[in-house]
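Peer 1: coords please:
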Amino acid sequence: MIAAADFNITKVERSKLNEMSLENIPFGKYFTDHMLEVDYEDGEWKTVEIKPYQPLLLSPSLAALHYGQAIFEGVKAYKDQDGEARIFRPFENFKRFNISAERMAMPQVPENIFIEGMRQLIELDKNWIPKHADHSLYIRPFMFSSDELIGVRPSEKYKFMIILSPTGPYYNVPMRIYVEEKYVRAVPGGVGYVKAAGNYGSAMFATKEAKSKGYDQVLWMDAFEHKYVQECGTMNVFFIIGDTAITPDLAAGTILAGVTRDSTITLLKEIGFKVEERPLSIDDIVDAYKAGVLYEVFGTGTAATISMIKELRYKDFLMNFDVDNWRTAPEVKQRMADIKEGKSTDRYGWMQKV
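Peer 2: The predicted structure is shown next:
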């Protein structure tokens, strides 16, 4: 096992931060001064390097480019009221990352590389954490097969990396969502429950078609009947129907077990909602809307946190929502932000100090 003391750290001579502002920056466009990189070879992880952010030199025969053996995670760090850097629930992302690795026939990443590596990298680049509202430091751990070989089999070599990106809001306005009836995101027995890179690549065509119709994202349906709700774009989704919050359950293995999803369930219960994790059909959603008891629909995810949905289109039926008068989604978002920014007590132990 690699100890933290074995990390090889090379610092930049001059920070790029001196040349830019961290206010109103787009999501995922800018990256901090340093990155973490470590190779897996001969059945073991080699020396961890934290070094200046730089391009990779890769072979055209790199296995990941041909066969898609690649996974990632999304984590966020914030500064609290005392200016201390804290990471939101990184151990949950660590556990999920290795669930993804197992499903994709990849090696497990040890905790000291994932967590301690992340901590040391953020400690080095903590000045990149924006202090503005709805801003954060987005953390992207990822791993890909690095064999230089054309052949359909799990690789023998892998590369694990972490890069950091200061970012503003992912969705800064409420979304218009198109219910997708033809294309599907995941099937039982597939890889819908893991953060495999291919999940996102295969979703792009349907999303592009929805955007050509004036919508921001798609609401995925199940693969067999195109009837039961799955995910909303790259997010988990919640429906406030009456006094109950309903979100699709994870039993079929087609939906990602979102860290923000889990946190949202906790906070919804805290404010008094009954929460149901169960199959939910689009017909039940339409009926609830017609009955006047579908009060709110919103997505949850690391990038977006809480993203409100102002319009849902199923076939030719439009469901419109007055998001300006919503109470539940804004309250959950505010409670979560207060915990992340140290404005309220972290009673659940979600924030990990850098």
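Peer 1: wait, Leu294 touches Asp284, no?
Peer 2: No - using Cβ atoms under 8 Å, Leu294 makes no contact with Asp284, being 9.4 Å away. Glycine gets a C-beta too; all of them are placed from N, C-alpha and C.
Peer 1: between the two, which is the more surrounded one?
Peer 2: For Leu294 versus Asp284, the count of surrounding residues by other Cβ atoms under 10 Å is larger for Leu294: 20 against 17.
Peer 1: how near is the spatially closest residue to the more buried one that is not a sequence neighbour to Asp222?
Peer 2: With sequence-adjacent residues excluded and distances taken as Cβ to Cβ, 6 or more residues apart in numbering, Leu294 is closest to Ala288, at 4.0 Å. Look at Ala288 and Asp222: by Cβ to Cβ, to the nearest Å, they are 19 Å apart.
Peer 1: and what of Arg96?
Peer 2: From Arg96 over to Asp222 the distance is 22 Å, taken as Cβ to Cβ.
Peer 1: repeat that for Asp82.
Peer 2: Asp82 is 47 Å from Asp222, where distance means Cβ to Cβ.
Peer 1: which parts of the longest helix anywhere in the chain are buried?
Peer 2: Longest helix of the chain, by residue count under DSSP state H: helix 197-212. Under the neighbour-count criterion of 16 or more other Cβ atoms under 10 Å, helix 197-212 has Ala197, Asn199, Ala203, Ala206, Thr207, Ala210 buried.
Peer 1: would you format those residues as a markdown table with distance to Met336 and pLDDT included?
Peer 2: Shown next, in a markdown table, are those (distance: Cβ to Cβ, whole Å; pLDDT from 0 to 100):
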| residue | distance to Met336 | pLDDT |
| --- | --- | --- |
| Ala197 | 27 | 98 |
| Asn199 | 25 | 97 |
| Ala203 | 25 | 97 |
| Ala206 | 29 | 97 |
| Thr207 | 26 | 97 |
| Ala210 | 27 | 97 |
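Peer 1: the helices in the protein, which residues?
Peer 2: Under the criterion DSSP H, helices of the chain are mapped to 63-67, 90-103, 111, 117-125, 197-212, 259-270, 282-290, 328-340.
Peer 1: pull the distance from the helix or strand just after the second one to the chain's centre.
Peer 2: Translated: helix 90-103. Per DSSP states H and E, the first helix or strand lying C-terminal to helix 90-103 is helix 111. With Cα atoms, centre = their mean, to the nearest Å as the basis, helix 111 stands 19 Å off its chain's centre.
Peer 1: what do you get for stretch 177-195?
Peer 2: Centroid displacement of stretch 177-195 relative to its chain, using Cα atoms, centre = their mean, is 16 Å.
Peer 1: give the rounded mean pLDDT of that stretch.
Peer 2: Stretch 177-195 carries an average pLDDT of 97.
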